[in-house]
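Colleague: Provided below are the primary sequence and the corresponding predicted coordinates.
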Amino acid sequence: MERTLVEDTINKIGETITLKGWVNTKRDHSKIVFIDLRDRTGLIQIVGTGDLLGSLKLEDVVSIEGLVKARPEKMINPDLTTGTVEIEALKLAVLSHSAELPIDMSKETLEVELPTLLDYRSLSFRHPKIQAIFKVQAVVIDAFRRALMEKDFLEFQAPSIINAVPEGGSEVFKVDYFDHEAYLSQSPQLYKSLLTTAFERVFSVNHIFRAEPSATTRHLTEAVSLDAEFNFIESVDEVLDMEEYVVRYIFDEVQQHCQKELALFNATIPLMSEKFPIIKLRDAQEIIFERTGRDCRTEKDLAPDDEREICAWAKEEKGSDLVFVSHFLTKKKPFYCYPDPADPEYALSVDLLCRGVEWSSGGQRLNDYETILKNVHEWGLKEEDVALYLQAFKFGSPPLGGFALGAERITMYILGLKNVREASMFPRDMERIDLRLSSAK
RNA sequence: GGGGCUGUAGCGCAGUUGGUUAGCGCGUCUCCCUGUCACGGAGAAGGUCGGGGGUUCGAAUCCCCCCAGCCUCGCCA
């Protein structure tokens, strides 16, 4: 018999159907046994005799033929989407047996610590709360794509293996590449910028790799970067407008398609004002000094405390969880950043902060070949390391800009997760590549 | 890498002036139960108290070293 999905049972009262799925919970009364069967669409109660269902174990995979029956009024379970019906089991086939579970899976909250959750990753994926995280993440990434495709952006696949590290700054992973040394890409930045000189508008969803020795709750060594870049801009404002449009689009989609998932985490979409507020780094530091007495006014960047404080300010004063911070020091930024013509010491680079942490960085890029070349030398880079990039800007290149968002961080901060590892299916950090590196030795 | 905290049964945890046989909840196993929905009831198994060394008549408990984990700061396109 053709398989019926759990969520479709409520429209099939009186019909005999076949359900396939996992034994999520079992309530055994000896002569009568209740099973909550789980498939990708949800849970449903199966009722049957002890003879038929008594030997089932949690997470066994079964095919059950049964009759869909409406539940009597007083037996309706309002907590279950399918709570108005149940299945009277007629035939059972066990498709696969499960071993004893190392963690308690049937609980509504998965009460295990993060390392345990990751040690049993393939199993923890089966829990509704874990599934909710990745449903939200899929919607976020899908929304990013569609927002940009609606604006005529072309999706591209950035390479991960690169031949040089022209941007310096963060640490990179080295790759043994035949007789040469290569690296894992920290960002598709140069590729997306050079592609605009041919395609005008491009975006990518791809993995980036960072060998930072950062042991924090918001860093991964392998992460998903949502990158966009486009040209023929009049000013950096167009970049901010595009980013704001994309972020709003993402939030709208999550709001629309992830009600259940947001509710599971008691989460709400970030607060948005009419227009995301924007503030220059130096002004932000002045505000932080006024509000807290903490003097960071000469720092080149915002410390984690400062990021939290300026987000608190944006929420209180501007009614927004999101705030753009612009004008970082040109000299502390990569060679391609566009200095503000009004004050070249500061660059037209912009971070987007939300709920106390950096979600994105972006800005306007240099498009004049001679200026880029001059910067390459000034930044102490080798011309040959950026040869492909320079080539693009040598042959006609409009003003451009773009931004990049971290997919895991967005998921984390929408749902209020405490650790970014929860928002990555297979998180890589200093201590773990699927297995704990210390125990794998 | 610095600092703080933690490590006790498969999972989550309790366990102080150092003292007999190390407990609790969930899970597992056995038995009872025809209306439960985190079912309920009775019983059982399951521990090198992270590892090593030391102090002591006696250490989960105090000291030293190591290992692991969490948080935080630094670092961070």
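Modeller: Now that the structure is in, tell me what you want to look at.
Colleague: rest of the way, CA atoms for contacts and neighbours
Modeller: Fine.
Colleague: surely residue A:376 meets residue A:385?
Modeller: No: here residue A:376 lies out of contact with residue A:385, judged by CA atoms under 8 Å, at a distance of 9.7 Å.
Colleague: So for those two, which residue has more residues nearby?
Modeller: Per other CA atoms under 10 Å, whichever of residue A:376 and residue A:385 has more neighbours is residue A:376, with 21 against 16.
Colleague: And residue A:63, how close does it get to RNA strand B?
Modeller: In this view, residue A:63 and RNA strand B are 19 Å apart by CA to the nearest atom of the strand, to the nearest Å.
Colleague: How many neighbouring residues does the closest residue to that residue other than its chain neighbours have?
Modeller: Closest residue in space to residue A:63, ignoring its immediate chain neighbours: residue A:20 at 4.4 Å, by CA to CA, 6 or more residues apart in numbering. For residue A:20, the count of nearby residues is 22 (other CA under 10 Å).
Colleague: try the one 4 residues further on
Modeller: Burial of residue A:24 is recorded as 23 neighbouring residues (other CA under 10 Å).
Colleague: Mind giving me the packing neighbours of the host helix or strand of it?
Modeller: Residue A:24 belongs to strand A:16-28 when elements are defined using DSSP states H and E. The helices and strands touching strand A:16-28, judged by 3 or more CA pairs under 8 Å, 6 or more residues apart in numbering; DSSP states H and E, are strand A:3-4, strand A:32-39, strand A:61-70.
Colleague: Could you list the paired strands of that strand along with their orientation?
Modeller: strand A:3-4 (parallel), strand A:32-39 (antiparallel), strand A:61-70 (antiparallel) (DSSP bridges).
Colleague: so what does the very next helix or strand once past the second one touch, helix or strand wise?
Modeller: By that I understand strand A:32-39. Note on strand A:32-39: by DSSP H and E, the next helix or strand toward the C-terminus is strand A:42-49. Counting contacts by 3+ CA pairs under 8 Å, 6+ apart, strand A:42-49 packs against strand A:32-39, strand A:85-96.
Colleague: Show me what counts as buried in the longest one.
Modeller: So that's strand A:85-96. Going by neighbour count (16 or more other CA atoms under 10 Å), the buried part of strand A:85-96 is A:85, A:86, A:87, A:88, A:89, A:90, A:92.
Colleague: In TSV: the residues you listed, plus pLDDT and distance to residue A:225.
Modeller: Formatted as TSV, those follow (pLDDT from 0 to 100; distance: CA to CA, whole Å):
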residue	pLDDT	distance to residue A:225
A:85	97	44
A:86	97	44
A:87	97	45
A:88	97	48
A:89	97	47
A:90	97	50
A:92	96	46
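Colleague: Show me which of these is closest to RNA strand B.
Modeller: The closest of the buried residues of strand A:85-96 to RNA strand B turns out to be residue A:86 (CA to the nearest atom of the strand; 6.7 Å).
Colleague: The closest one and residue A:65, how far apart?
Modeller: 12 Å (CA to CA, to the nearest Å).
Colleague: Minimum distance to residue A:396: which of the strands paired with strand A:16-28 has it?
Modeller: strand A:32-39 (55.0 Å; CA to CA).
Colleague: still on that earlier bit, orientation of the strand holding residue A:24 relative to strand A:42-49 in degrees?
Modeller: Orientation check (axes from the mean of the first three to the mean of the last three CA atoms, to 10 degrees): strand A:16-28 against strand A:42-49 gives 80 degrees.
Colleague: residue ranges for the helices of chain A, please.
Modeller: Per DSSP state H, chain A carries helices over the ranges A:50-53, A:114-119, A:121-124, A:128-149, A:189-199, A:236-257, A:259-264, A:281-292, A:304-318, A:369-378, A:387-394, A:407-415, A:437-440.
Colleague: What is the first one packed up against?
Modeller: Of the remaining helices and strands, those touching helix A:50-53 by 3+ CA pairs under 8 Å, 6+ apart are strand A:32-39, strand A:85-96.
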